[in-house]
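Trainee: predicted model and sequence follow; I will ask about them next.
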Amino acid sequence: MGEVPDYPEIDPRDRGAGRSRPLCYSAAVNLTDLTLIELRDAIARGDTSSTEATQASLASIAAQDGALGAFLQVFEKEALEQAARLDARIKAESAGAVGALTGVPVAIKDNMCLSWGRTTCGSRILENYESPFTGTAVQKLMDAGAVIVGKANMDEFAMGSSTERSAFQPTRNPWDPQRTPGGSSGGSAACVASRLVAASLGSDTGGSIRQPAAHTGLVGIKPTYGRVSRWGLVAFASSFDQIGPFARNVEDAALMMNVICGADELDSTSARVDTPDFLATVNQPLTGLRLGVPTQAKDENNHPAVLEAFGAVVATYQSLGAEIVPIDLPNIGYGIAAYYIIAPAEASTNLARYDGIRYGRRAEIGPGEDLVALYSKSRAEGFGPEVRRRIMLGTYALSSGYYDAYYKTALQARRVIKNDFDRAFGENNVHAVLMPTTPDPAFKLGAKTEDPLAMYLEDFYTVAANLSGLPAMSFPVGMAVEDGVKLPIGAQLVSPAFDEVRMLRIARMHEAATEWHLQKPPS
Amino acid sequence: MAEITNVRLMVGLEIHVELATRTKMFTRSGSPACAEFDDAPANSLLDPVVLGLPGALPVLNKSAIEMAMLVGAALECSIARETKWDRKNYYYPDLPKGYQISQYDMPVCFDGAMEIPDPADPSGEHMRRIGIIRAHLEEDAGKLLHEAPGGGAIDYSIVDYNRAGTPLLEIVTQPDFRTADEVVAFARQLRNVCRFLGVSEGVMQKGHMRFEPNINTIVDTSDGREIRTPIVEIKNLNSFRAVQRAIEYEYAHQPKRWQKDGVEMASGRKTTRGWDDVKGVTVMQREKEEAHDYRYMPDPDLLPLVIDDAWRESVVSRLPELPHARAKRYEHDYGLSAKEASALTDERDLCFYYEACVECVGAQGVQADVAGKQAANVVLQAGAKRANERGVGAWELGISPQQIAGIIKLRLGDEIGSSAADALFEALCESDEEAAAAAQRLNLLQVKDEGQLAAWCQAVIDDPANAKVVEDVRGGKEAAVGRLVGGVMKVSGGKADAKAVKEKLIELLKA
């Protein structure tokens, strides 16, 4: 355990993904094996079509998702219609006219509103809820020519770190079906890792993109708070929630960022900043790179393989000429406590609207039962145990007499954690902070469901970026072997606000020098 | 028990003003407080934000905050440099999100005052200054209905969310009122101010303004004690009459309640009552002030709002001249009495109509003070009389400011008499003619022909019925000539110039 196994069979096409090169398509070429950019370029060149790509994706889902459980809904009919429309436009106009995603099939997490199908948030209370509108980020995907093949499974209302809190089904880790893919965006991660789609959208409130990305060997980005519109993202904790991409490599993730970012007048917290071209410079290494490594990164409680992989990442960056700067994030230890007060507090009021009056699940009440009975029954039936726990936690934290002790104190902790990062980027002058994404590789289904606190500690390294609003990403940096099964390990970069361009370049430097992103889960 | 020797009233007022923005406070859906969407069918002013659908987010309507700033400026309030939005959490079917977006500890306006004429002072000179604690913005809820639309019993409730999300300005006064008359005077003036500012139509029946007085009494007893009765809050009053009656009812009944139960004012003893307009009594709604825990927290969907000097100045500079300032100006510039000036300003539409009249008169080269005085006379006499009879505002009689200016011009030029002017006013209410043309057509112009005048006068002098008066005047009692003037006016059908008639009569009688 802990040693880095040798994987000989690397797809020779994969080095330097995204560069245009001829591909020879035969019946043997599986379209779903292509990366996002490869697939896009193949469609653009006319080597294949959006319809073929969508059919291939739907076929893979049909074949594999029964065991995987990544999707809550698959839009076979709508996706093929979308693809046909895009193909017609590509033919009538040009691939460029269709947009940067040119007909590629993608998946979205089921907390994103879409004007067809259901938007369940993984919850019984929204089991049959149909949104009348499509959220901004998803609309941007479609405007860029993406085909939405389906909605990915998630922990109910994004509360969880294993996707086991979905009211409908667990999602399994493509690397080991006994294990969770992480969460809450576990479905979005699993479907990309198992090549059902080339990219997907998840949402990250305390690590819900980065942790599953680490557990499934993907690149996952939580953009700066405000970079991506939250209009149409069903709120869990409004001051933390951000939509971000899952992809198999940094370039693909950069392309997704190009599409989904941007100011939105429908979201007051959307940042009025220009969206740079994240992809244009992603292959330019940073000279004079300074990476801050917090003392807390090498916590001896971390899994040995995580420690070892992290050591290797550091060594790789050093070999690429980076200076490793030891830094201290003295308050990062308060992150979990602060997060698990503020996020539930916000959730307790965000979820008050699910009252059974206007939409969503409404319980039957008997004669003589009143409005309060209608509320409590509907909510008790509709919400799962983790959601109920967090609503109660948040309600308590905001209650008169406890507000100052809990909520206000947590806000202060949030501030000092942000200050820690500001100091690292300021005084220590580092370009980014490098640390593990998770303390452990993917855990087994059921291992932490009875122990909420153990589950919460999954977020130890990730919540800090949400508390401080900073951009962060996880990228694959190693493999653990547990019970003879390979399990991916991720490392995390946290960058100054709106500095995703450099963050992606830094991650790409590592990716270009290593082959972890080319590993494929067993089929 | 000691006897009650004196009872003093103490009232503070909360006023909810629905701001007449075109769209709602946090979304683009039309707002029912705006005349354009006034009679929208139930549940037609909706969108994902109003309904609190999953994934919907609020975006502040700038005009709501600017209207609040205008009201604040009119009430001499400080305008916050930074304010924020808080969630007030409670469950009710008319509240779509399970919380109301409000302002908890940083209201947009605070520390102000408004002066009202003291209703106890008949001269209208003495003013009462009522302190304003704060004015904050919040979104209104929908309406829960327990009757079928158009009436009829149902055994369930229905909700109309049209009103949900309408911007509401909640103004809280100091407990500075000592009589129900003062409260009503304040409420009327505030309504008028809001209408002058253009922030509300102020239609009480439509709930544009709702009042919630907090009332208690200070009771002096024969054994020298001073007792404060528990505070009663009366909810949701939407007519001035109800405000008056509810306060007077409490003023009369609180000392009796205290005599019965001995309960005095203390924290936690505030009760909430409703007003039964039919029975004329207040009715208990909430026995003790329930320890409502609204779990206020800053709304993470909205950024704190910074109001910089430039923005504040640009809004405050749009503040129109307020009614009491206008009244002072009329007194000073036009020589109107306080009573006249206040009659012309306590209703926005009347005031604007009057000013249009003054302008039209002035446009004819009449001096400003004369124009102001003359226009006031016409509007407050001929206008008010008919408006009263017809149950409409003077501005709604159908006579235009240009027509009124025409009447005044004829009067000032001695071309018509006062009774003819009144007849002309009456006629112009039904006609678009110019005043002079109508006077001509209706034969109302004064007759200046010497011969005709002499003939009318002679006829009156020769009338045997006037023999006694004629003798008196000839005998030196010149004052008696008035009777004869009246006779001539009658004979002439009001067209004779009274002054000329008097001169002609004296000339004839002294000859």
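Mentor: Arrived safely.
Trainee: the residue nearest the centre of chain B in helix, strand or coil?
Mentor: The centre of chain B sits closest to residue B:192, judged by CA atoms, centre = their mean, with a distance of 3.9 Å. Following DSSP: H, G, I helix; E, B strand; the rest coil, residue B:192 is assigned to helix.
Trainee: and it, what is it in contact with?
Mentor: B:202, B:323, B:345, B:346, B:347, B:348 (CB atoms under 8 Å, 6 or more residues apart in numbering or on different chains). Any C-beta I mention is one placed from the backbone N, CA and C, and that applies to glycine too.
Trainee: what do you get if the cut-off is 7 Å, keeping everything else the same?
Mentor: B:323, B:346, B:347, B:348 (CB atoms under 7 Å, 6 or more residues apart in numbering or on different chains).
Trainee: can you pull the pLDDT of the closest residue to chain B within the stretch 51-200 of chain A?
Mentor: Going by CB to the nearest CB, chain B is nearest to residue A:113 of the stretch 51-200 of chain A, at 4.1 Å. Confidence at residue A:113, expressed as pLDDT, is 98.
Trainee: go on, the one 5 residues further on?
Mentor: At residue A:118 the predicted local distance difference test score is 98.
Trainee: ok but it is inside a helix, no?
Mentor: No - under three-state DSSP, residue A:118 falls outside any helix and is assigned coil.
Trainee: next, the buried residues of the strand or helix carrying residue A:510.
Mentor: For residue A:510, the element it lies in under DSSP states H and E is helix A:500-513. Under the neighbour-count criterion of 16 or more other CB atoms under 10 Å in any protein chain shown, helix A:500-513 has A:500-512 buried.
Trainee: state the distance from residue B:302 to residue B:139.
Mentor: 11 Å (CB to CB, to the nearest Å).
Trainee: follow-up on the earlier one: if we take the buried residues of helix A:500-513, which one ends up nearest to residue B:29?
Mentor: Nearest to residue B:29 among those: residue A:500, at 34.9 Å, using CB to CB.
Trainee: got a list of what the residue nearest to that closest one when sequence neighbours are not counted touches?
Mentor: The shortest distance from residue A:500 to any non-neighbouring residue, by CB to CB, 6 or more residues apart in numbering or on different chains, is to residue A:471 (4.8 Å). For residue A:471, the contacting residues are A:222, A:223, A:224, A:495, A:497, A:499, A:500, A:503, by CB under 7 Å, 6+ apart.
Trainee: including distance to residue B:42, could those residues go into JSON lines?
Mentor: Formatted as JSON lines, the contacts of residue A:471 follow (distance: CB to CB, whole Å):
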{"residue": "A:222", "distance to residue B:42": "43"}
{"residue": "A:223", "distance to residue B:42": "42"}
{"residue": "A:224", "distance to residue B:42": "43"}
{"residue": "A:495", "distance to residue B:42": "51"}
{"residue": "A:497", "distance to residue B:42": "46"}
{"residue": "A:499", "distance to residue B:42": "51"}
{"residue": "A:500", "distance to residue B:42": "47"}
{"residue": "A:503", "distance to residue B:42": "51"}
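Trainee: could you list the low-pLDDT ranges of chain B?
Mentor: Filtered on pLDDT under 70, chain B yields the residue ranges B:1, B:288-291, B:511.
Trainee: what residues does it put near chain A?
Mentor: B:48, B:51-55, B:57-60, B:87, B:89, B:91, B:93, B:96-99, B:293, B:295, B:297, B:300-303 (CB under 7 Å from any CB of the partner chain).
Trainee: re the thing from before, now the helix holding residue A:510: mean pLDDT?
Mentor: 98.
Trainee: low pLDDT regions in chain A?
Mentor: Looking along chain A with the criterion set at pLDDT under 70, you get A:1-29.
Trainee: can you map out the helices along the stretch 1-150 of chain A?
Mentor: A:36-45, A:50-68, A:76-92, A:95-98, A:136-143 (DSSP state H, counting those that start in this stretch).
Trainee: now render these as TSV, adding mean neighbour count and distance to chain B.
Mentor: As requested, the helices of the stretch 1-150 of chain A are arranged in TSV below (neighbours: other CB atoms under 10 Å in any protein chain shown; distance: least, CB to the nearest CB, whole Å):
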stretch	mean neighbour count	distance to chain B
helix A:36-45	24	25
helix A:50-68	20	25
helix A:76-92	17	19
helix A:95-98	17	26
helix A:136-143	23	10
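Trainee: who wins for proximity to residue B:464 among those?
Mentor: helix A:136-143 (98.2 Å).
Trainee: next one: that closest one to chain centre, how far?
Mentor: Relative to its chain's centre, helix A:136-143 lies at 17 Å (CA atoms, centre = their mean, to the nearest Å).
Trainee: and if you look at stretch B:119-133?
Mentor: On CA atoms, centre = their mean, the centre of stretch B:119-133 falls 16 Å from the chain's centre.
Trainee: near chain B, which residues of the stretch 351-500 of chain A are found?
Mentor: Counting by CB under 7 Å from any CB, the stretch 351-500 of chain A sits next to chain B at A:352, A:353, A:355, A:357, A:358, A:375, A:395, A:398, A:399, A:400, A:407.
Trainee: tabulate the helices of the stretch 1-150 of chain A (JSON lines), appending distance to residue A:452.
Mentor: Formatted as JSON lines, the helices of the stretch 1-150 of chain A follow (distance: least, CB to CB, whole Å):
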{"stretch": "helix A:36-45", "distance to residue A:452": "36"}
{"stretch": "helix A:50-68", "distance to residue A:452": "25"}
{"stretch": "helix A:76-92", "distance to residue A:452": "37"}
{"stretch": "helix A:95-98", "distance to residue A:452": "46"}
{"stretch": "helix A:136-143", "distance to residue A:452": "30"}
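Trainee: give the buried residues for the helix or strand harbouring residue B:138.
Mentor: Counting by DSSP H and E, the element that carries residue B:138 is strand B:127-139. By neighbour count with 16+ other CB under 10 Å, strand B:127-139 contains the buried residues B:128, B:130, B:131, B:132, B:133, B:134, B:135, B:136, B:137, B:138, B:139.
Trainee: listing partners with orientation, what would you give for that strand?
Mentor: Strand B:127-139 pairs in its sheet with strand B:109-117 (antiparallel), strand B:167-173 (antiparallel), by DSSP bridges.
Trainee: measure whatever residue of the stretch 1-150 of chain B ends up closest to chain A to residue A:237 for me?
Mentor: Nearest residue of the stretch 1-150 of chain B to chain A: residue B:98, at 2.5 Å (CB to the nearest CB). As judged by CB to CB, residue B:98 and residue A:237 stand 16 Å apart.
Trainee: more neighbours: those two, which one.
Mentor: Neighbour count, other CB atoms under 10 Å in any protein chain shown: between residue B:98 and residue A:237, residue A:237 has more, with 24 against 21.
Trainee: surely the more buried one is within a strand?
Mentor: No - the assignment for residue A:237, made by three-state DSSP, is coil rather than a strand.
Trainee: now do the contacts for it.
Mentor: Counting by CB under 7 Å, 6+ apart, residue A:237 makes contact with A:205, A:342, A:343, A:346, A:347.
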